[in-house]
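S.K.: Structure of the sequence below:
(one chain, ligands or ions: 1)
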Amino acid sequence: MKKITVLGSTGSIGKNTLQIALMFPDRFDICAIAAHKSVKLLKKQIDMFAPRVAALFDEEAACELKTLVDTKKTKILSGAAGVNEAAAYGGADLVVSAIVGSAGLLPTLSAIEAKKDIALANKESLVMAGELVMNLAAYSGVKIFPVDSEHSAIYQSIMGHNISEINKIILTASGGAFVDRSIGELEAVTVEEALRHPNWNMGRKVTVDSATMMNKGLEVIEAHHLFGIKPEDIKVVIHRQSIVHSMVEYVDGSVIAQLGLPDMRTPIAFALSYPERIPVKLPRLDLTKQGALTFEAPDLKKYPALGLAYDAIAMGGTAPAALNAADEVAVEHFLRNKIKFCDIPKIVKKTMTEVKNNVKININTIISTAKEARVKAKEIIDKGSY
Ligand SMILES: NC(=O)c1ccc[n+]([C@@H]2O[C@H](COP(=O)([O-])OP(=O)(O)OC[C@H]3O[C@@H](n4cnc5c(N)ncnc54)[C@H](OP(=O)(O)O)[C@@H]3O)[C@@H](O)[C@H]2O)c1
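M.R.: Just a heads-up that it's a prediction; the model follows:
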């Protein structure tokens, strides 16, 4: 029985993970869960999975949760310290890191320090602190299994191969909600439209990031750290159908890809069960019924956020942390109808030029740069100076 901690258990990835655990009750035991403040859902999950530990970041929500559950069976933790403690829970074999955004960084590091293997959905950990995370994982002997479908595809396409024989990685992107809109049409798009992803059902932040293609930019940074591939060897293609999840081209010209229907439960199941594959009962890909698979180069004028991510890698230091923090603030404001969709990359770009890039990377410089970038992005939005 593999014992699993799910950080962000009430989110899209978290719920999909618990669905897989439910399908295989003899294989997976959910031993710890954590979320921000979704009391009702966490209580439901405690009733269903009987974890030994549950944490809520929000202190008030955690107090309420304590009144609803048998605390002798499930220890309730709270605050940032509580979430970090849940992440490091000693009884776990694998930690699914699925908190959204920069809030996922410290819990992910806590889990790695506790020598827990990681199923990583929280790409922001690698975007902000890729070197730190990968070095700590190597030092602690921890394996990192990507959950992002693209990175899972690459992981599967390089299994049994030598990294030095890779020519390039080709990340596929759906193009998001506005793949068929012109640049001019993007000026007037609404939050509701941005949240209508053509292929994937995901959390709000990652769905908006898909529409700007900042998500793909963050994934380029994630792939750079996970697989040790230079950014110039990581290409992005728009593949509207989201069937080919990504590809690896080798020095001999062979291209190896991983395909499947767009359902996050497939890469999650792979990360949970590695090195085995488990018989997940989900609809299957039938290529004879699928229709054409198309591939197009992305237009960087339409998707400037993608270019900003490559810029951040080139700048190095804490620039990716600033990029990520500025994007979080801009997306939050877009979701509250405070800025327009097209303003998101403008705000990120301006923040990156105004926040000092610290070339010394450690957890303090990363966190202080992210904090500074959040303040700066907010200031830029408040002044309307983008
Ligand atoms: N969704 C996808 O299909 C998908 C695909 C690939 C990668 N990812 C990545 O996976 C991560 C999660 O995405 P998602 O779409 O699942 O997000 P989501 O649906 O918005 O869920 C976010 C989860 O994080 C929890 N959370 C937020 N702040 C927290 C904090 N400070 N402490 C503890 N928990 C906190 C939330 O708890 P509450 O419910 O209490 O707010 C919720 O459980 C992101 O990094 C995303 O980029 C997602």
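S.K.: check contacts around residue 4.
M.R.: 17, 21, 28, 29, 30, 31, 92, 93, 94, 95, 96, 272 (C-beta atoms under 8 Å, 6 or more residues apart in numbering). (C-beta placed from N, C-alpha, C; glycine too.)
S.K.: Quickly find the element holding the second one.
M.R.: By that I understand residue 21. helix 12-23 (DSSP states H and E).
S.K.: does the ligand sit close to that helix?
M.R.: Yes. Using C-beta under 6 Å from any ligand atom, we find that helix 12-23 touches the ligand at 12, 13, 14.
S.K.: could you say what helices and strands that helix packs with?
M.R.: strand 2-7, strand 28-35, helix 39-49, strand 94-97, helix 265-273 (3 or more C-beta pairs under 8 Å, 6 or more residues apart in numbering; DSSP states H and E).
S.K.: redo that, cut-off 10 Å
M.R.: Contacts defined by 3 or more C-beta pairs under 10 Å, 6 or more residues apart in numbering; DSSP states H and E place helix 12-23 against strand 2-7, strand 28-35, helix 39-49, strand 94-97, helix 204-212, helix 265-273.
S.K.: and the ones you listed, which is most packed in?
M.R.: With neighbours defined as mean count of other C-beta atoms under 10 Å, those peak in mean count at strand 94-97, which reaches a mean of 28.
S.K.: For that strand, C-alpha coordinates in CSV please.
M.R.: Provided in CSV are the C-alpha atoms of strand 94-97 (Å, rounded to 0.1, in the frame of the first residue of the first chain):
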residue,chain,number,x,y,z
LEU,A,94,4.8,10.2,-1.9
VAL,A,95,3.6,13.7,-1.7
VAL,A,96,1.3,15.1,-4.5
SER,A,97,2.2,18.8,-4.6
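S.K.: can you offset everything so residue one is 8?
M.R.: Sure, I'll start counting at 8 from here, so that last one is strand 101-104.
S.K.: before we move on, back to that, export the contacts of residue 11 to TSV and tack on pLDDT and distance to residue 272?
M.R.: Conversion of those to TSV gives the following (pLDDT from 0 to 100; distance: C-beta to C-beta, whole Å):
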residue	pLDDT	distance to residue 272
24	98	8
28	98	11
35	98	13
36	98	18
37	98	15
38	98	20
99	98	20
100	98	20
101	98	16
102	98	18
103	98	12
279	98	10
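S.K.: and the residue of the stretch 158-307 of the chain nearest the ligand?
M.R.: The stretch 158-307 of the chain approaches the ligand most closely through residue 210 (2.5 Å), counting by C-beta to the nearest ligand atom.
S.K.: Leaving out sequence neighbours, find the closest residue to that residue.
M.R.: residue 19 (4.6 Å; C-beta to C-beta, 6 or more residues apart in numbering).
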